[in-house]
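K.L.:
Quick check, what structure comes out for this input:
(chains A, B and C)
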Amino acid sequence: MIDRVRAFVKEAGVPRLLIAAFVLFLFGMAFVTKMDLGGLVTDSIVRVARNGILVLALLPAIQGGLGLNFGLPIGIICGLIGCVVSLNFGLLGLTGIFAAWGIGVGLAIPAGIGYGWLLNRTRGQEMMVGTYLGFAVVSAMSIFWLLAPFKNPTLVWAIGGKGLRTTLSLTGIFDRVFDKWLQFTVAGVTIPTGVLLVFFGFCFLVWWFFRTKMGITIAAARSNPRFARAAGISDERTRIQASVLTTVLGAIGIVVYSQSYGFVQLYTAPLLMAFPAIACLLIGGASVSKATVTHVIIGTFLFQSILTAALPVTSQVIEGDISETARLIIQNGMILYALTRVGGSAKA
Amino acid sequence: MSATSTTKGRPALELRDVVKEYEGNRVLKGVSLTVEGGEIHALVGENGAGKSTLMNILFGMPVIHETGGYGGDVLLDGAPVRFTAPVQAMAAGIGMVHQEFMLLPGFNVAENIKLNREPTKRNPVSAIFGPGLETLDLPRIRKDARAALDRVGLDIDEWLPVAGLPVGHMQFIEIAREVDKEKLRLLIFDEPTAVLTETEAERLLDSMRAFAKQGVAVLFITHRLDEVRAVADRMTILRDGEVVGRPDPKTTSVIRMAELMVGRPAAARAVRRDASATAETALAIEGLNVRMPGEPVEDVSLTVRRGEILGIGGLAGHGKLGIANGVMGLYPATGRVLLDGEPYALNDARAALRRGLAFVSEDRRGVGLLAEESIELNVALSALEAQGRFLRPFPVPALRPLDGRAMRAHAQEMIRRLDVRTTGPTQLVRRLSGGNQQKVCLARAMTLAPRLMFVSEPTRGIDVGAKERVLEILTSLNQDEGMTLVVTSSELAELRAICDRIAIVYRGRVAAILAPDAPDAEFGLAMAGEVGAA
Amino acid sequence: MSGVTRGTNGANGAGGASLGSRSWRVLSRHAVPLLFAVLCLFGIWVAKITPAFLLSEMLVRVGRNSVLILALLIPILAGLGLNFGIVIGAMAGQAAVILVLHWGGQGIAGFGLAWLLATPIAILLGLLTGILFNRAKGREMVTGLIAGFFANGLYQLVFLFAIGSLIPFHDKSMVLPQGYGLRNTVDLTSIQYAMDDLVRVRVPLEGTELRVPVVTYGVVALFCLFTLFFFRTRFGQQFRAMGQDPHVAAIAGIAVDRNRTIATVLSTVFAAWGQLLFLQNIGTLNTYSSHEQVGMFAIAALLVSGATVTRATVGQALLGTVLFHTLFVVSPLAGKALAGDAQIGEYFRVFVAYAVITVALVLHAWQSAKREREVTT
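P.N.:
Residues are numbered from 1 along each chain as shown, chains lettered A, B, ... in the order given. Reported below is the predicted structural model:
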């Protein structure tokens, strides 16, 4: 019995169990204090679907041997450009979203190739290079947003300021288009069917991809590059493929995120977006070198539930928003845990 | 420098029945030897004979400690010692000249020689915070280094950076560093001449003699048997973790030494059919050069006949492993190769597989397997990659999905056929024993249904039962399915048991091609490179 | 005539070529700082900045920032790379300053007390960071970055929630209206210029006067000297060896893991002291953000000088401070002059900071990946 418990703990990982316990505790507290449980669950589900694809975007990078993709903002920026261009043309509803996707993906492919090329030349330091490349791109884009030649009055500052607004409202454009599709309420819980379908649809696509020849090749090259070379696989090539995929999914993910959130956030907003996504994946049980779609779904659910429930539950006891602090500690604690666990020492 | 602390004629080092296991695999099976002050004792053996494990034990390398320590005793000047860190070994007076240079390229010669033994001067800060903050005494560092360099006879500026110096100089700097240590009583040379030119090697042997004359005990590990004859007072030969002989190096021939190293041949098992007379050429290699580190191939010409098992043998480091790796596109190669009379492009691993070649690598864990994946995927992967097998139809070829059922059925068939001991086709390869991992490697190569298969070191590091089974599989592939095989092995006995012809490689070239039942002496001569003269 | 000319030309040509290639080498070796100098000069020219203004700005900024940048040198020597974890040291400094204010410490005595208090906190945190780094070998930089974020969460937990509730805190003027948690800004006037004002030397310059904080610069000089001295000690030599090849160092009997921890502790302590020096000059503490960008700006400043992930000198630290902060002063002004918007300049300098770090990391990773390839083939 004790052995089985121990095996279970080892399999699931102590941090994941702690976090799951914390989620249960928060929801338990919410129940005991007679809070609107339905509302909490609704919020959790919405946030899972909203953030899910951004977490999913990390999966190809891990499968391809690039590690945790701290350079996710590169893909996000591509998606944001897609959104802004789509908005600038005044496209509405699904058309707007598809236009944003199309443009975003169109930009993400060359961006992903370039990013992958760079990561091939900076092997062993992918995470650090990704982090700072992401930072640099986001800050360069801040200058771009300020100078970009967009003319649509809903996008630029009305008076005084220069360049695009920091947040662009999507109300009446493609605000919650997916979320509202086939939305229904049961037992006080509102299910945003459309966006959930989109999320699970992409999960399925990614799962399926890693069972195709290309997907298997990418994973094999990650698993043992020397084996791959002996089999005539160029791991430089598979790493670039992985980088393109992660960047493209980042672009798609931010469009879904924005439509669900109702706003497009520009300037420094994407700067730190990789970190919570990475934390989700790690909480789901992934490591720096191995991750599955299941990890994505479980991790996103656990982490987003904490973020949803922490504020209303704790605000009954303390004033002020402790959820942001909790997010910092859990998110970065999780990443640290992962960094210190795998492949302890590089040499001797 | 005081090498005088060891008096001549008393055993400075004594090993008694040293035993070491790695994960149940006994790599040292009770090794004993003594080295006396003032003598040069040569330790020879093939790769995998246990020499480096023995050195790691002597030098207190952490890897020994971390894998459960060792059995038996090590005595220095009669007192038992048990080191758990290299520092302790150094403090006890053991010096080591490593095979890989332990030098810092950005430091100058003097800094390297005095590394972590720098003379320092006290200062007010160190008086408070301890000796770590004492300042370096640069003039003394320089003076000590100069003295040490003079002792090994290396006439270079001690203030030069090490980066960019010729390898020969680096080797002597390593020696100077050991010589500079106080209380040096045992000096270990780990294949020191491997990277040296012949004149440099001569000088190194000279300095080795000089140390011995001063009373230092010298343990000399090498592959080069002529050097053993030239300098050693005594020698110990290791094979498979056991001492197989202590012939007198002054009177024993190099040929005899080589025989002892590679083992006495078993009688050829089956009556070999004579494939040579009728068979046509399957693979013709002309002027092959392969840049494989540690196993370079220089100008090898060789023909493989259809339907035969060709063996490639030779001592470690002479390039026998480089041939298969070069032909299969794993290391940069030049030369002309014809496969079934058609030109064949080198340096393209994918093309090699597509042309119907297959390879079971000597580096099972590094190249041969995806340790973290299932048996079924490992077996299927090469065929999936090179031939598009085990896939379902889909309009885009690159996105054809895996046919899991076909893959599983095939894996089960292979598991049955090769008798892989496993819980099932989804078991991770990492969890299999060495012998079963080797069977998975063979299964993957067989899945390609190759015209010609290279198999390197088929039985290295696997237990006796599995060895037999692997050799049986190879003979059956050849005899029942007519597959052409090129088997490379350090174990001459196994080559002689299964091959039709055996090519012996010496210094990157084919020294001789012998029949499996040729006399032992001919094999010994070929391995020692003494054929060209004949 | 023509023959002679050709002859001399030939000779000149050869001499010129070697001279040319040598100066090209010097140029490419110092490409980064030169590029920066050009950028700064361009900004100065565009924004029409007077030397007097620039000098007085530099005097302030170099004095208050250099120690934070010097804090990076020892971990680089020891092979830990850029210590993004100095943020943690900065937090230790801030914790000390908050305690001192709470106890009513003032002036140089208060500052000295803060300095004393910060030391054990920084040693403890540095020790923990060092242990963390030893468990994430080869990934120290990203680990340091994330450790900084993580520590920031803990810092918020202590100062935003625990103070005034779990930890008794009676100075209500520093606490948020809800009764616990520190305010977002804490006034440091009681210790402002505590060190700067000890001795000021006035230097007249173009109508204004520079007020040189002699003691502060003395302290900066002391840090420089200590670092230089440290490089020449037994420890310094051991760290340098580890930085080149930890395996060889370990074989030579150097306690690599212990030394790595020592390097991290020293760096963290330097950072705590550096942050205190910074705060006493600034005069206000943004409780929850003053420390956040310390690491990024210090690292960018160091790299601007041409220092790398594996090699940095005291001179480079000082040069980098001057160059980077010149750009810091100049770019909003230049942005305003060029595009009529200071915001552009501000985004630009943030971009420059990130870009400089990115380029340095890429170059470092590129070179080490290349070296590895050469070793394996």
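
K.L.:
A:Thr42: what's it in contact with?
P.N.:
By C-beta atoms under 8 Å, 6 or more residues apart in numbering or on different chains, the residues touching A:Thr42 are A:188-191. Every residue, glycine included, has its C-beta placed from N, CA and C.

K.L.:
same deal with B:Ile513?
P.N.:
B:Ile513 touches B:501-504, counting by C-beta under 8 Å, 6+ apart.

K.L.:
Among those, which pair sits farthest apart?
P.N.:
B:Arg501 and B:Ile504 (10.6 Å; C-beta to C-beta).

K.L.:
what sits in contact with each of the two?
P.N.:
Common neighbours of B:Arg501 and B:Ile504 (C-beta under 8 Å, 6+ apart) are B:513-514.

K.L.:
picking up where we left off before, dump the contacts of A:Thr42 into JSON lines; add pLDDT as well.
P.N.:
Output for these, formatted as JSON lines (pLDDT from 0 to 100):
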{"residue": "A:Gly188", "pLDDT": "80"}
{"residue": "A:Val189", "pLDDT": "83"}
{"residue": "A:Thr190", "pLDDT": "85"}
{"residue": "A:Ile191", "pLDDT": "86"}
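
K.L.:
Could you pick out the buried ones from these?
P.N.:
A:189-191 (16 or more other C-beta atoms under 10 Å in any protein chain shown).

K.L.:
In strands, which of those fall?
P.N.:
With strands defined by DSSP state E, the entries of these inside them are A:189-191.

K.L.:
returning to what we had before: more crowded one of B:Arg501 and B:Ile504?
P.N.:
Under the criterion of other C-beta atoms under 10 Å in any protein chain shown, the comparison of B:Arg501 against B:Ile504 puts B:Ile504 first, with 29 against 22.

K.L.:
isn't the more buried one right up against B:Gly319?
P.N.:
No - in terms of C-beta atoms under 8 Å, B:Ile504 does not count as a neighbour of B:Gly319; the distance is 11.2 Å.

K.L.:
Give me the below-cutoff pLDDT ranges for the chain.
P.N.:
Defaulting to chain A. A:1, A:158-161, A:319-320, A:342-348 (pLDDT under 70).

K.L.:
wait, I meant chain B there
P.N.:
In the predicted model, chain B carries pLDDT under 70 at residues B:1-10, B:23-24, B:47-48, B:194-195, B:263-278, B:464, B:531-534.

K.L.:
quick one: B:Gly485 and A:Gly250, what's the gap?
P.N.:
Careful, residue B:485 is Leu and not Gly. 50 Å (C-beta to C-beta, to the nearest Å).

K.L.:
Which one's more surrounded, the two?
P.N.:
A:Gly250 (34 against 24).

K.L.:
pretty sure the more buried one contacts A:Ala108?
P.N.:
Yes - A:Gly250 is within contact range of A:Ala108, at 6.9 Å (criterion: C-beta under 8 Å).

K.L.:
which SSE is the residue of the stretch 251-377 of chain C found nearest chain A in?
P.N.:
Going by C-beta to the nearest C-beta, chain A is nearest to C:Ala365 of the stretch 251-377 of chain C, at 3.3 Å. Counting by DSSP states H and E, the element that carries C:Ala365 is helix C:342-376.

K.L.:
Of all the residues in that helix, which ones are buried?
P.N.:
C:343-358, C:360-362, C:364-366, C:368-369.

K.L.:
can you check stretch A:20-31 too?
P.N.:
Buried, per 16+ other C-beta under 10 Å, within stretch A:20-31: A:20, A:22-23, A:26-27, A:29-30.

K.L.:
And the closest residue in space to A:Gly172 that isn't next to it in sequence, how close does it get to chain B?
P.N.:
Distances taken as C-beta to C-beta, 6 or more residues apart in numbering or on different chains place A:Leu92 nearest to A:Gly172, at 7.8 Å, with adjacent residues excluded. Going from A:Leu92 to chain B by C-beta to the nearest C-beta, to the nearest Å gives 33 Å.

K.L.:
what does A:Ile298 give?
P.N.:
21 Å.

K.L.:
Then C:Asp171?
P.N.:
With C-beta to the nearest C-beta as the criterion, C:Asp171 and chain B are 37 Å apart.

K.L.:
contacting residues for that residue?
P.N.:
C:Asp171 neighbours (C-beta under 8 Å, 6+ apart): C:101-102.

K.L.:
cool, and C:Ala307?
P.N.:
C:76, C:313, C:316-317, C:320.

K.L.:
Mind telling me what element B:Thr84 is part of?
P.N.:
With DSSP H and E as the criterion, B:Thr84 is inside neither a helix nor a strand.

K.L.:
what about the closest residue to it other than its chain neighbours, which SS state?
P.N.:
Nearest non-adjacent residue to B:Thr84, counting by C-beta to C-beta, 6+ apart: B:His65, 4.9 Å away. Of the three states, B:His65 takes helix under DSSP: H, G, I helix; E, B strand; the rest coil.

K.L.:
picking up where we left off before, please state the mean pLDDT value computed over the helix holding C:Ala365.
P.N.:
Per-residue pLDDT over helix C:342-376 has a mean of 80.

K.L.:
Which other helices and strands does that helix contact?
P.N.:
Packing partners of helix C:342-376 (3 or more C-beta pairs under 8 Å, 6 or more residues apart in numbering or on different chains; DSSP states H and E): helix A:93-121, helix A:126-147, helix C:294-304, helix C:314-339.

K.L.:
Which among those helices is found nearest to B:Leu225?
P.N.:
helix A:93-121 (44.7 Å).

K.L.:
What helices and strands are in contact with the closest one?
P.N.:
Looks like helix A:93-121 contacts helix A:72-88, helix A:126-147, helix A:177-180, helix A:235-261, helix C:342-376 (3+ C-beta pairs under 8 Å, 6+ apart).

K.L.:
Show me how far stretch B:418-435 is from its chain's centre.
P.N.:
In this view, stretch B:418-435 has its centroid 26 Å away from the chain centroid, taken as C-alpha atoms, centre = their mean, to the nearest Å.
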